[in-house]
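**Student:** got a predicted structure here, sequence first:
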Amino acid sequence: MSPFFHASLVAFAVALAFFAPLRAHGQDAPADAAARADSLAPPGPRPSDTMRVGLREAIARSLAESPEVDRREAELDYAQARHRQARASRYLPELSLNTVHSLAPGLDRSNVPDTLGNDELYLAPEVENDWTPGALRPFNGFTIEFGQPIYTWGELEGSIEAARANKDVESARVEEKALEVAFRTAELYYDLLLARRLSRLTGEAGSRLARARNEVQARIQEGDSAVSRGDLFQLRRQQQEFRRRVVNLKQRRLTAAGGLQRQLFAPPGVAVLPATPLLEPVGFEIRPRSYYVDVAMENRPQLQQAEAGVKARTALLEVERSSYYPKLFIGGRFGQRYAYGRPNQESAYIGENFIGSTTEAAFSIRQDLSFHTIRAQVEQAEAELAEVRAQARGARQLIPFEVEEAWRSLVSAKGALQAQDKAFDISKEWERFEQTQYDLGFGSVDNLTSALQARLQSQIAYYEAVRDYNVAVMELLRVTGLLNEPEQVGTLVDLTSPSTSSGQ
């Protein structure tokens, strides 16, 4: 073993200590590296199938499967039904049909002269009801009642407007929840990409460390004076430390994979993996901050929800105030009753309970006289309106701040990514320089070890910066109200553009 190769192995083992504080995120690598990394997984059942999804597909599936969104959509369905109910109350809100079905008695005419006609029976006091079982006959009747408001001082119109605005409120709540789910999905997606990438780096490092230990042992047995048993002990200690860190990193990677699987509600036994094996910066053109503020003020569901809430509360206030004034209605009733075998007595002064018809129509005025209760209800409605107006003002102030914060975070993340990309280039140049110096006999082991450590740190920091940049893009899309539209995301973000940075 050459002195340089020995120094490189020792330096690489020392550099492995820098894997400890990293988050568990990653990216695919060549097939042989992936196989070595997967060999480090603890024993257990392996998924029977694999689902590979891109970011847009992952967002679309999470929105389609999310019970959180489904719950909000159910509330929206309820609000839509209430709106239809309010509109239907415009015409004949009071309309009912009542029927009766029974047995009516027959007539005992045994003491009545045959010359007395059926329409004159009411003149004979001897006629009586016959309740014997053989004389009973079927009786049926129905009554239709209706009421139609004519003028309600805005109560009817206000109820319809409040129901319509409440439907808009629930629709905005659906969009708000969809934005949360979409962002959580995107964050899990990039977490898993980063976890897989660091797992691949760890797998490659483990293989190199094992080869270094075997070669040092062989050189010691051959009596090579360039290596010592102290080097072997150092490698063995680093190998055990490495194995401990591998277990931790592997479990974190599995946690990220499980989180994305549950977010997409994949079937049991199906592993969800990113469609791309690379962790690259997404193609995104950062526009001026004012552009995103304008987009957010137009698309953010929180602002739409607040504005719809103001409309709903304003309409409900008018509904409560209408109780101060009398409501004008027309109503009517029509009834029909009939018992077979009983004659109808056509007299204005005689009523037959078992046969005949009823027709009634009237104009009515309804006035609630509990004015102290009405006043309290109006005051409550005014307070609720003031509350939602304050919420709307707060939303108009908060949304530009959130957009500015997300925009500046993205600008910072882009600057950090560019700096890490440059730092990785510098670390690689430094490593090549130290290697050349050492080969020529002018370098030192310490300098070479430092260069190797710097390269590994820069490579890992670069991939973390890529993940942070991509998540910052998703956060900006979230606060502008666009992330819950996968197709629209695809028009703003190029998810398939190749990376132009040297960090890959």
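**Tutor:** Great, that's in hand.
**Student:** show me what counts as buried in stretch 53-73.
**Tutor:** By neighbour count on 16 or more other C-beta atoms under 10 Å, the buried set for stretch 53-73 is 53-56, 58-63, 66, 69, 72-73. Any C-beta I mention is one placed from the backbone N, CA and C, and that applies to glycine too.
**Student:** out of the residues you listed, the closest to residue 372 would be?
**Tutor:** Nearest to residue 372, judged by C-beta to C-beta, of the buried residues of stretch 53-73 is residue 72 at 39.0 Å.
**Student:** and the gap between the closest one and residue 367?
**Tutor:** Using C-beta to C-beta, to the nearest Å, we find residue 72 at a distance of 41 Å from residue 367.
**Student:** looking at the protein, which strand is longest?
**Tutor:** In the chain, assigned by DSSP state E, the strand with the most residues is strand 137-151.
**Student:** report the angle between the helix or strand following that one and strand 137-151.
**Tutor:** Sequence-wise, the next helix or strand downstream of strand 137-151 (DSSP states H and E) is helix 155-221. Counting by axes from the mean of the first three to the mean of the last three C-alpha atoms, to 10 degrees, helix 155-221 points 90 degrees away from the direction of strand 137-151.
**Student:** elements contacting helix 155-221?
**Tutor:** For helix 155-221, the elements it packs on are helix 3-15, helix 31-38, helix 55-65, helix 67-88, helix 229-263, strand 270-274, helix 301-321, helix 445-479, judged by 3 or more C-beta pairs under 8 Å, 6 or more residues apart in numbering; DSSP states H and E.
**Student:** return the distance of the fourth one from the chain's centre.
**Tutor:** It refers to helix 67-88. Relative to its parent chain, helix 67-88 has a centroid offset of 16 Å by C-alpha atoms, centre = their mean, to the nearest Å.
**Student:** tell me the mean pLDDT over that helix?
**Tutor:** For helix 67-88, mean pLDDT rounds to 94.
**Student:** make 21 the first number, not 1, from now on.
**Tutor:** Okay, residue one is now 21; in that scheme the one you just asked about reads as helix 87-108.
**Student:** could you give the angle of that helix to helix 75-85?
**Tutor:** 60 degrees.
**Student:** who are the packing partners of helix 87-108?
**Tutor:** helix 175-241.
**Student:** got any ranges where the stretch 171-320 of the chain has weak pLDDT?
**Tutor:** Within the stretch 171-320 of the chain, the segments meeting pLDDT under 70 span 223-229, 232-233, 236, 239, 244-248, 250-252, 254-259, 261-263, 265-266, 269.
**Student:** which element is residue 350 on?
**Tutor:** Here residue 350 is covered by strand 347-359, with elements defined by DSSP H and E.
**Student:** that strand pairs with which strands, and in what direction?
**Tutor:** If you go by DSSP bridges, strand 347-359 pairs up with strand 157-171 (antiparallel), strand 376-386 (antiparallel).
**Student:** neighbours around residue 220, how many?
**Tutor:** When counting by other C-beta atoms under 10 Å, one arrives at 21 neighbours for residue 220.
**Student:** ok, it to residue 199 distance?
**Tutor:** Using C-beta to C-beta, we find residue 220 at a distance of 32 Å from residue 199.
**Student:** for residue 327, same thing?
**Tutor:** From residue 327 to residue 199 the distance is 17 Å (C-beta to C-beta).
**Student:** between the two, which is the more surrounded one?
**Tutor:** The residue with more neighbours, out of residue 327 and residue 199, is residue 199; 24 against 20, by other C-beta under 10 Å.
**Student:** what sits against that one?
**Tutor:** Contact partners of residue 199, counting by C-beta atoms under 8 Å, 6 or more residues apart in numbering, are 321, 498, 501, 503, 504.
**Student:** would you turn the residues you listed into a markdown table with pLDDT and neighbour count?
**Tutor:** What follows is these, written out as a markdown table (pLDDT from 0 to 100; neighbours: other C-beta atoms under 10 Å):
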| residue | pLDDT | neighbour count |
| --- | --- | --- |
| 321 | 94 | 20 |
| 498 | 94 | 22 |
| 501 | 92 | 25 |
| 503 | 89 | 26 |
| 504 | 83 | 25 |
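**Student:** TSV for those residues, including distance to residue 343?
**Tutor:** Formatted as TSV, those follow (distance: C-beta to C-beta, whole Å):
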residue	distance to residue 343
321	33
498	44
501	39
503	45
504	41
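**Student:** any weak-confidence spans in the stretch 421-524 of the chain?
**Tutor:** 458, 461, 463-466, 468-469, 473, 506-512, 514-524.
**Student:** export the helices and strands packed on helix 175-241 to JSON lines and tack on distance to residue 125?
**Tutor:** Below are those laid out as JSON lines (distance: least, C-beta to C-beta, whole Å):
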{"stretch": "helix 23-35", "distance to residue 125": "108"}
{"stretch": "helix 51-58", "distance to residue 125": "92"}
{"stretch": "helix 75-85", "distance to residue 125": "67"}
{"stretch": "helix 87-108", "distance to residue 125": "43"}
{"stretch": "helix 249-283", "distance to residue 125": "73"}
{"stretch": "strand 290-294", "distance to residue 125": "76"}
{"stretch": "helix 321-341", "distance to residue 125": "51"}
{"stretch": "helix 465-499", "distance to residue 125": "78"}
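**Student:** out of these, nearest to residue 313?
**Tutor:** For residue 313, the closest of these is helix 465-499, at 9.8 Å, according to C-beta to C-beta.
**Student:** from residue 200, how far out is residue 504?
**Tutor:** 9 Å.
**Student:** quick one: contacts for residue 145?
**Tutor:** So residue 145 contacts nothing (C-beta under 8 Å, 6+ apart).
**Student:** what of the one 5 residues further on?
**Tutor:** For residue 150, the residues meeting the contact criterion (C-beta under 8 Å, 6+ apart) are 125, 126, 127, 128.
**Student:** closest to residue 179 among the residues you listed?
**Tutor:** Once C-beta to C-beta is applied, the member of these that ends up nearest residue 179 is residue 125, at 48.7 Å.
**Student:** tell me the pLDDT of that closest one.
**Tutor:** 91.
**Student:** what about it, neighbour count?
**Tutor:** Residue 125 has 18 neighbours, counted by other C-beta under 10 Å.
**Student:** so how far is stretch 414-430 off the chain centroid?
**Tutor:** Offset of stretch 414-430 from its chain centre (C-alpha atoms, centre = their mean): 21 Å.
**Student:** in it, what counts as buried?
**Tutor:** 415, 419, 420, 422, 423, 424, 426, 427, 429, 430.
**Student:** contacting residues for the fourth one?
**Tutor:** To tie it back to what came earlier, the one meant is residue 422. 316, 499.
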